[in-house]
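A.B. asks: with the sequence up front, the predicted model follows.
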Amino acid sequence: MTRSEACPPVTPSRNSQENPPPCPESDSEPSAPVPRRRSTAFLAVVLGVLVSAGPLATDLYLPAFPAIAEDLATTEARVQLTLTSSMLGLALGQLAVGPMSDAWGRRTPLLVGTALFMVTSLLCMFVTSVEMFIAIRFVQGLAGAAGAVVSHAVVRDLYEGDEAARFFSRLMLVSGMAPILGPLLGGQLLLVGSWPLSFALLALMNGVGFLAVLFFLPETLPRHDRQPMRIRPLLATVGRLLRDPRFVGPMLALGLNFGMMFTYISCFSFVAQNELGASPQMFGMLFSVNAVGMVTGTQVNSLLIGRVSMVRRLMGGLVLGLGAVAAMVVMEVTGTAGLVTISAALAVMMAGMGLVFPNATTLALSSQPPSVAGTASALAGSARFVFGGILAAVAGIAAGGEASLASMVWVMAVTGALALGIFALSAALERRAVA
């Protein structure tokens, strides 16, 4: 269902297959443009490029972590802080960009964000200290927030319910190529040059993203749906969102699962190369194979739409991911962990993420009207990156000042258990309220 169709008189519920927002009171103003079927794939590609900027900025230079530590004469733990600073920048940036996009429309924040991301990518090529690197990565995270939050708001402007879940699955198919290609490309770039080449590629990619927004992405938020940038109404909207269990439950499940995934992303480079004996190129290949698990999960999600409810799809992804992490805990405790077995379990965990991300995002955003989609997307996105940055830093606190297999799997296990428990509790409380 798209926003151009009539809104049925249904009270939104997490157990329903669609969660339509209130219809506009007047049809006198044009609504957001609805893509035709032929343009839907192109829209997914454009938004996928924008959403991929942040993940690619994370994954592309992972194989170079040991080389960066040596080049900047620092420790691996401090290099890991460049990931944490980027995640915190993404979190804070989304809190600002989301309300801006609700007030000014979607295009302007995207254009400014992609341009700034391109500039900071170029600056990363010339850092001379890890402190400078951490600071620039923080600004790069602030800039990357535009693509992360506004792209999801655009989807909410145009689609609802299962149609939104289906589009998010398509979007993840495109953006999922970033973690597949990122480490693989990063490892190969190390064969032909030094690690700054990764950031040159990021600058080029964001230049393409800027041109795509400038020439091909229309404005999707009509003027009559925009919210003025005033502090009191904004705080009231945030407070209402944080009191709404239909939003908070999937938001926390999404944030905690992202934290679990980012713990893996930030730690596995060290674990694979230092503990499990992988080369930078082998690490890149394994990381890419694991990312195929996420893409597989998103496509399974698409096949389940219309057959299994959104809540059950999300719950299945949470259970699958936690089960894979539990298997890694057993391997670590019993001393049977190997490069192949750990990578296989990680691939299963990532398949669970492929079910969690589109359904949790849809449940959170579809419970709210399009006029606050930017703010809702900002809160959900900030939760993702706050959890990601903090948990990655916690996992890096180990003997010797670097991440270990034990710290990685135990942080992921606790996080996955919390995500499943919180969402199960929120779903039970909502069922009780509805009954």
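C.D. replies: Thanks, I have it. Numbering: from 1, shown residues only.
A.B. asks: distance of the residue nearest to residue 139 when sequence neighbours are not counted relative to residue 86?
C.D. replies: Taking Cβ to Cβ, 6 or more residues apart in numbering, and ignoring the residues beside it in sequence, residue 139 has residue 120 as its nearest neighbour in space, at 5.3 Å. C-beta here means a position set from N, CA and C on the backbone, and glycine is covered the same way. Per Cβ to Cβ, to the nearest Å, residue 120 is found 10 Å from residue 86.
A.B. asks: cool, and residue 352?
C.D. replies: As defined by Cβ to Cβ, residue 352 lies at a distance of 24 Å from residue 86.
A.B. asks: residue 53 too?
C.D. replies: Distance of residue 53 to residue 86, computed by Cβ to Cβ: 11 Å.
A.B. asks: give me the common contacts of the two.
C.D. replies: Taking Cβ atoms under 8 Å, 6 or more residues apart in numbering as the criterion, residue 53 and residue 86 both touch residue 144.
A.B. asks: so where is the stretch 151-300 of the chain shaky, pLDDT-wise?
C.D. replies: When the per-residue scores of the stretch 151-300 of the chain are filtered using pLDDT under 70, the ranges that remain are 173-180.
A.B. asks: phi first, then psi, for the residue nearest to residue 139.
C.D. replies: For residue 120, the backbone dihedrals (degrees, to the nearest 10) come out as phi -70, psi -30.
A.B. asks: strands of the stretch 151-300 of the chain, start to end?
C.D. replies: Per DSSP state E, counting those that start in this stretch, the stretch 151-300 of the chain has no strands. Nothing in it meets that criterion.
A.B. asks: tell me which stretches of it form helices.
C.D. replies: Residue ranges of the helices in the stretch 151-300 of the chain, as given by DSSP state H, counting those that start in this stretch, are 161-175, 177-192, 196-216, 231-243, 245-270, 280-304.
A.B. asks: what's the most buried one of these?
C.D. replies: Comparing the helices of the stretch 151-300 of the chain on average neighbours per residue, with mean count of other Cβ atoms under 10 Å, the densest one is helix 245-270 at a mean of 26.
A.B. asks: tell me what angle it forms with helix 280-304.
C.D. replies: 160 degrees (axes from the mean of the first three to the mean of the last three Cα atoms, to 10 degrees).
A.B. asks: quick one: helix 245-270 to chain centroid distance?
C.D. replies: How far helix 245-270 lies from its chain's middle: 9 Å, per Cα atoms, centre = their mean, to the nearest Å.
A.B. asks: again, but for stretch 71-90
C.D. replies: Shown here is stretch 71-90, whose average C-alpha point lies 19 Å from the average C-alpha point of the whole chain (Cα atoms, centre = their mean).
A.B. asks: for it, list every residue counted as buried.
C.D. replies: Buried residues in stretch 71-90, counting neighbours by 16 or more other Cβ atoms under 10 Å, are found at 71-72, 74, 76-90.
A.B. asks: which of those residues fall in helices?
C.D. replies: Members of the buried residues of stretch 71-90 lying in helices (criterion: DSSP state H): 71, 76-90.
A.B. asks: which among the residues you listed gets closest to residue 44?
C.D. replies: Checking these against residue 44 with Cβ to Cβ, the nearest one is residue 90 at 21.6 Å.
A.B. asks: which ones are touching the closest one?
C.D. replies: Residues counted as contacts of residue 90 (Cβ under 8 Å, 6+ apart) are 54, 141, 142, 144, 145, 148, 381, 382, 385.
A.B. asks: now the residues you listed in a markdown table, with distance to residue 215, neighbour count and pLDDT?
C.D. replies: What follows is the contacts of residue 90, written out as a markdown table (distance: Cβ to Cβ, whole Å; neighbours: other Cβ atoms under 10 Å; pLDDT from 0 to 100):
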| residue | distance to residue 215 | neighbour count | pLDDT |
| --- | --- | --- | --- |
| 54 | 22 | 26 | 75 |
| 141 | 26 | 30 | 89 |
| 142 | 25 | 23 | 90 |
| 144 | 21 | 35 | 87 |
| 145 | 22 | 27 | 85 |
| 148 | 21 | 29 | 78 |
| 381 | 26 | 29 | 76 |
| 382 | 30 | 24 | 77 |
| 385 | 29 | 28 | 70 |
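A.B. asks: could you provide the residues you listed in a markdown table, with additional columns for secondary structure?
C.D. replies: A markdown table is the format used below for those (DSSP: H, G, I helix; E, B strand; the rest coil):
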| residue | secondary structure |
| --- | --- |
| 54 | helix |
| 141 | helix |
| 142 | helix |
| 144 | helix |
| 145 | helix |
| 148 | helix |
| 381 | helix |
| 382 | helix |
| 385 | helix |
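A.B. asks: of those, closest to residue 259?
C.D. replies: The nearest one, if we look at these relative to residue 259 and count by Cβ to Cβ, is residue 385, at 9.0 Å.
A.B. asks: and the closest one, how far from residue 141?
C.D. replies: Summarising the geometry, the distance separating residue 385 from residue 141, computed by Cβ to Cβ, is 8 Å.
A.B. asks: what's the closest non-adjacent residue to residue 145?
C.D. replies: residue 93 (2.8 Å).
A.B. asks: oops, could you answer that again for residue 342 instead?
C.D. replies: Taking Cβ to Cβ, 6+ apart as the measure, residue 342 lies nearest to residue 328, with 6.1 Å between them; neighbours along the chain are not counted.
A.B. asks: over to residue 44?
C.D. replies: Distance criterion Cβ to Cβ, 6+ apart; nearest residue to residue 44, sequence neighbours excluded, is residue 170 at 4.4 Å.
A.B. asks: ok, that neighbour touching residue 41?
C.D. replies: Yes: taking Cβ atoms under 8 Å as the definition, residue 170 is a contact partner of residue 41 at 7.5 Å.
A.B. asks: okay, now residue 341: neighbour count?
C.D. replies: 14 (other Cβ atoms under 10 Å).
A.B. asks: which helix or strand contains it?
C.D. replies: Of the helices and strands defined by DSSP states H and E, residue 341 is found in helix 339-366.
A.B. asks: buried residues of that helix, list them for me.
C.D. replies: Applying a neighbour-count criterion of 16+ other Cβ under 10 Å, the buried positions in helix 339-366 are 339, 342-366.
A.B. asks: quick one, that helix and helix 177-192 angle?
C.D. replies: Angle, helix 339-366 to helix 177-192, by the same axes, to 10 degrees: 140 degrees.
A.B. asks: show me how far helix 339-366 is from its chain's centre.
C.D. replies: That offset, for helix 339-366, works out to 11 Å (Cα atoms, centre = their mean).
A.B. asks: let's have the chain start at 50 instead
C.D. replies: From this message on, residue numbering opens at 50, which makes the last subject helix 388-415.
A.B. asks: what's the angle from that helix to helix 210-224?
C.D. replies: Note on geometry: by the same axes, to 10 degrees, helix 388-415 and helix 210-224 are set 140 degrees apart in direction.
A.B. asks: no further questions, thank you.
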